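Colleague: what's the 3D shape of this:
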Amino acid sequence: MSGYEGARAGAADLPSLDRLLGMPEFQAALADFGRTQVTAALRRDLDVRRAAALAGTLTHDALTPSAFGARVLSALTERNRATLRPVFNLTGTVLHTNLGRAMLPEAAIESVLQALTSPANLEFDLATGGRGDRDDLVAPLLCELTGGEAATVVNNNAAAVLLMLATLARRREVVVSRGELVEIGGAFRIPDIMTHAGAKLVEVGTTNRTHAADYRNAIGDRTALLMKVHCSNYEVTGFTKSVDVAEVVAIAKPHGVPVAVDLGSGTLAPMERWGLPHETTVQETIAAGADLVTFSGDKLLGGPQAGMIVGRKDLVARIKKHPLKRALRVGKLTLAALEPVLRLYRDPEHLSERLTTLRLLTRTRADMAAQAERLVPVLANALGEDYTVSAAPMVSQIGSGALPVEQLPSYGLAITPAGGGKRGAGRALARLEAALRGLPYPVIGRIAEQTLWLDLRCLEAHDEARLSLQFAELRA
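Modeller: A predicted model of the protein is given here:
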């Protein structure tokens, strides 16, 4: 740099906007972002330089065409970067609500891509040439897999519960055990949903113990439903008592009162088949006599965000006629993703290979330990002497309210600051965590016990090389 370039510059030294736009340094930006965006970004940059000139801090090296071009290109790249971005989920929570829950299997991805790029028979009956019902695209599969007589789909399980209550219990009573009045993420509370659906909540039992007589004594002329709710994100232990679905059904049946079950996660396969803890399936709940079951699509089911209602044909028909159904219905992309996921359950022998969620849940600790050993030197080299990186055993969790107290043996990377006290260690780990989140492909871990943990359960083989490249970016 010459002395002239480093010298102070004045407002009179600023080049014109038109002159800069015609220079070679801006042609790439013009091709990528268009004249409107480039002109606006360049005008903003010139305003900043003009303010610096008036303050006496502008130098000539800030006025070169290459300097203008680099700043404008950087600003436009950042401005046009997607807000919804892919990340590495190394938190140890497989179905992480904040990171999008279940990842779709390949069959669903292909189906969504086709639905994105071509018209489809969303509400068109190919057999008759008349108008069709979008639920018919997946309802037969849902009935086949669950044992329900009929089914409908809305945009999530909260919507399914709301629609069911608004249809069947408006201005009437719904009996629920106090131990099942749950709140899950986003302040979703069963009592609030009852209120907004226009139903009156009747609480029975106590927080830890509810008996059959509590349900029996609560039934009256205004009773619309007896309702069981899956205890998401927690488990009541110790001196407890609850009434199972079959017993609640036996209590309700002589009174002609339907039994509804909000199953939450809603798995369609017995998890113990793959060495995982048992989670009540939709089939078991229907077989126990439940008249209606609601459950999610993007939890243990392993599909897109959706809420399913399966059960008695007459009740589902009433639900589908409610005005809220249209407001809560799903679009073609959700249905395009859901159908192939449901089809995978017809072949349970290959489910753990083809369903991404189940594949991640059933990974072996040995497989993850081998990954960790390969990644330790890559990350250690990127971090230098400031941190210590080691391969370490850890525990994962399923997440999203499924089996809330169960843990899965896992393996990953444990990172600790090389020196300093606890206070200094905390700051060092926070800086590193922020740096990982700031990478082009963000890496999300968790800090606990003065350590940054990067759990590798959700790192599939095809993403290992990409993660290594992101670790290398930390040097920069």
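
Colleague: what helix or strand is the closest residue in space to Thr280 that isn't next to it in sequence on?
Modeller: Closest residue to Thr280 apart from its sequence neighbours, by C-beta to C-beta, 6 or more residues apart in numbering: Leu263 at 6.8 Å. Quick note: C-beta positions are derived from backbone N, CA and C, even for glycine. In this assignment (DSSP states H and E), Leu263 forms part of strand 259-264.

Colleague: So which helix or strand of the protein has the lowest pLDDT on average?
Modeller: Sorting the helices and strands of the chain by mean pLDDT, DSSP states H and E puts helix 3-6 at the bottom, at a mean of 52.

Colleague: in stretch 356-365, what counts as buried?
Modeller: Judged by neighbour count (16 or more other C-beta atoms under 10 Å), stretch 356-365 contains these buried residues: Thr356, Thr357, Leu358, Arg359, Leu360, Leu361, Thr362, Arg363, Arg365.

Colleague: Please disregard the earlier target; I meant stretch 439-446.
Modeller: Applying 16+ other C-beta under 10 Å to stretch 439-446 flags Leu439, Val443, Ile444, Gly445 as buried.

Colleague: Report the two of these separated the most.
Modeller: Across these, no pair lies farther apart than Leu439 and Gly445, at 11.8 Å, counting by C-beta to C-beta.

Colleague: For the most centrally placed residue in the chain, give me its contacts.
Modeller: Centroid-nearest residue in the chain: Gly100, 1.8 Å away (criterion: C-alpha atoms, centre = their mean). Applying C-beta atoms under 8 Å, 6 or more residues apart in numbering, we find Gly100 in contact with Asp298.

Colleague: ok, which stretches of the stretch 51-200 of the chain are helices?
Modeller: 65-79, 106-117, 139-146, 157-168, 190-197 (DSSP state H, counting those that start in this stretch).

Colleague: re the thing from before, among the buried residues of stretch 439-446, which lie within strands?
Modeller: Val443, Ile444 (DSSP state E).

Colleague: tally of neighbours for Gly302?
Modeller: Residues lying near Gly302 (other C-beta atoms under 10 Å) number 30.

Colleague: List the contacts of the residue lying closest to Ala290 once chain neighbours are set aside.
Modeller: Nearest residue to Ala290, sequence neighbours excluded (C-beta to C-beta, 6+ apart): Val261, at 4.6 Å. Residues near Val261 by C-beta under 8 Å, 6+ apart: Met227, Lys228, Val229, His230, Val245, Thr285, Ala290, Leu292, Val293, Thr294.

Colleague: Who is Val261 paired with across the strands?
Modeller: Lys228, Val293 (DSSP bridges).

Colleague: So for it, what's the pLDDT?
Modeller: The model reports Val261 with a pLDDT of 97.

Colleague: In terms of residue numbering, what are the domains of this protein?
Modeller: 3-79, 88-96+360-473, 106-354 (automatic domain parsing).

Colleague: chain center to the longest one, what's the gap?
Modeller: Spelled out, that is domain 106-354. 19 Å (C-alpha atoms, centre = their mean, to the nearest Å).

Colleague: Give me the distance between the two termini of that domain.
Modeller: Start-to-end span of domain 106-354 (C-alpha to C-alpha, to the nearest Å) is 8 Å.

Colleague: all helices for the stretch 351-476 of the chain, in order.
Modeller: So, for the stretch 351-476 of the chain - with DSSP H, counting those that start in this stretch - the helices run 351-354, 356-361, 365-383, 422-437, 464-473.

Colleague: returning to what we had before: can you tell me which of the helices of the stretch 51-200 of the chain is most buried?
Modeller: helix 157-168 (a mean of 24; mean count of other C-beta atoms under 10 Å).

Colleague: what's the average pLDDT for that helix?
Modeller: On average, helix 157-168 scores 96.

Colleague: same for it, what does it pack against?
Modeller: helix 190-197, strand 223-229, strand 259-264, strand 292-296, strand 307-311, helix 313-321, helix 323-328 (3 or more C-beta pairs under 8 Å, 6 or more residues apart in numbering; DSSP states H and E).

Colleague: if you set the cut-off to 7 Å instead, what comes out?
Modeller: Here helix 157-168 touches helix 190-197, strand 259-264, strand 292-296, strand 307-311, helix 313-321, helix 323-328, going by 3 or more C-beta pairs under 7 Å, 6 or more residues apart in numbering; DSSP states H and E.

Colleague: which residues sit against that helix?
Modeller: Residues from elsewhere that reach helix 157-168, judged by C-beta atoms under 7 Å, 6 or more residues apart in numbering: 154, 174, 188, 193-194, 196-199, 224-225, 260, 262, 264, 292, 294-296, 307-309, 315, 318-319, 322, 324-325, 328.

Colleague: how about 6 Å then?
Modeller: Here helix 157-168 makes contact (C-beta atoms under 6 Å, 6 or more residues apart in numbering) with 154, 188, 193, 197, 199, 224, 262, 294, 296, 307, 309, 318-319, 322, 324, 328.

Colleague: tell me the angle that helix makes with strand 292-296.
Modeller: 160 degrees (axes from the mean of the first three to the mean of the last three C-alpha atoms, to 10 degrees).

Colleague: Relative to Leu126, which of the helices and strands packed on helix 157-168 is closest?
Modeller: Across the helices and strands packed on helix 157-168, closest to Leu126 is helix 313-321 (C-beta to C-beta), at 21.0 Å.

Colleague: which of the residues in the closest one are buried?
Modeller: In helix 313-321, counting by 16+ other C-beta under 10 Å, buried: Leu315, Val316, Ile319, Lys320.

Colleague: Can you list the neighbours in contact with it?
Modeller: By C-beta under 6 Å, 6+ apart, helix 313-321 touches Glu149, Ala150, Thr152, Leu163, Thr167, Leu292.

Colleague: how about a markdown table for these, with distance to Ala392 added?
Modeller: Formatted as a markdown table, the contacts of helix 313-321 follow (distance: C-beta to C-beta, whole Å):
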| residue | distance to Ala392 |
| --- | --- |
| Glu149 | 50 |
| Ala150 | 50 |
| Thr152 | 46 |
| Leu163 | 46 |
| Thr167 | 51 |
| Leu292 | 46 |
